[in-house]
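Engineer: What shape does this take:
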Amino acid sequence: MAKRQIYTVKQGEDLAKDYCSVQERCHQEVTKKLREWGLDYDQADQVIVNLISNNYLNEERYAKLYSISKFHQNKWGRVKIRYSLKQKNISDRCITIGLNEIDETKYFDLCFELANKKLETLKGEQHLTKKRKVTSYLNTKGFEYEVINNVLDKINEDKC
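Structural biologist: Numbers count the residues shown, from 1 in each chain. Now for the predicted structure:
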């Protein structure tokens with residue numbers, strides 16, 4: 001088994017700067033990487049503080065970019081994004097700021113689009129079965145029940 005290299009604090013900081021320059025990172029990801037590079041928790045904390053003071057790490061910026069990208073690329077709802085950011089130990093304040101970056105109209109439109117696509121796959125099913133399956137699908141994508149119900153009401157209006 002390969003022996004892991006142990007870096008000094010300065011080397012760790014330089015590597016972490018490069019690591020954070022490639023893409024936006026959260027504190028947890030950088031701390032994990034620093035630990036893999038052989039720094040202890042105190043040294044890793046010292047590097048994190050330096051990265052924050054030099055604006056290489058910014059939880060608010062991370063939460064904004066993460067929220068927008070998961071919404072657009074993965075088509076996730078706010079519940080799933082919030083849960084994922086919580087798993088990364090992002091503060092509630094930063095999570096709220098990040099989720100506020102998602103446009104309400106686009107959010108509803110995406111949920112509407114996903115519901116219609118799911119409904120197309122459910123040809124021949126009974127109305128209540130379709131509604132239950134679409135609701136379950138949208139819920140697993142992270143959309144709130146209130147939004148799902150509004151979307152289903154809109155779909156029913158459009159069909160009448």
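Engineer: hey, let's count contacts and neighbours off CA atoms from now on
Structural biologist: Will do.
Engineer: which residues touch the residue most central in space within the chain?
Structural biologist: Closest residue to the average C-alpha location of the chain: residue 81 at 4.0 Å, with CA atoms, centre = their mean. Neighbouring residues of residue 81 by CA atoms under 8 Å, 6 or more residues apart in numbering: 67, 70, 71, 99, 142.
Engineer: 10 Å instead?
Structural biologist: Applying CA atoms under 10 Å, 6 or more residues apart in numbering to residue 81 gives the contacts 63, 66-71, 75, 87, 95, 98-99, 141-143.
Engineer: Restrict the residues you listed to the buried ones and give me that as a ChimeraX selection.
Structural biologist: In ChimeraX syntax, the buried subset of those is picked out as below (16 or more other CA atoms under 10 Å):
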select :63,66,67,68,70,71,75,95,98,99,141,142,143
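Engineer: out of the contacts of residue 81, who's nearest residue 118?
Structural biologist: The closest of the contacts of residue 81 to residue 118 turns out to be residue 141 (CA to CA; 11.9 Å).
Engineer: For residue 97, see how far away residue 64 is.
Structural biologist: 7 Å (CA to CA, to the nearest Å).
Engineer: ok, residue 40 - how many residues close by?
Structural biologist: Neighbour count for residue 40, taken as other CA atoms under 10 Å: 15.
Engineer: Looking at it now. What's its pLDDT?
Structural biologist: If you check residue 40, the pLDDT there is 89.
Engineer: Report the contact partners of it.
Structural biologist: By CA under 10 Å, 6+ apart, the neighbours of residue 40 are 6, 9, 31, 34, 46.
Engineer: send the alpha carbons of whichever strand or helix holds residue 48 over as CSV?
Structural biologist: Taking DSSP states H and E as the criterion, residue 48 maps to helix 41-53. The C-alpha coordinates for helix 41-53 follow below in CSV (Å, rounded to 0.1, in the frame of the first residue of the first chain):
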residue,chain,number,x,y,z
TYR,A,41,-6.9,19.2,12.6
ASP,A,42,-5.1,22.2,14.1
GLN,A,43,-3.0,22.7,11.0
ALA,A,44,-6.0,22.2,8.8
ASP,A,45,-7.9,24.8,10.7
GLN,A,46,-5.0,27.2,10.4
VAL,A,47,-5.0,26.7,6.6
ILE,A,48,-8.8,27.1,6.4
VAL,A,49,-8.6,30.4,8.3
ASN,A,50,-6.0,31.7,5.8
LEU,A,51,-8.0,30.5,2.8
ILE,A,52,-11.1,32.4,4.1
SER,A,53,-9.1,35.6,4.8
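Engineer: Alright, I will stop here.
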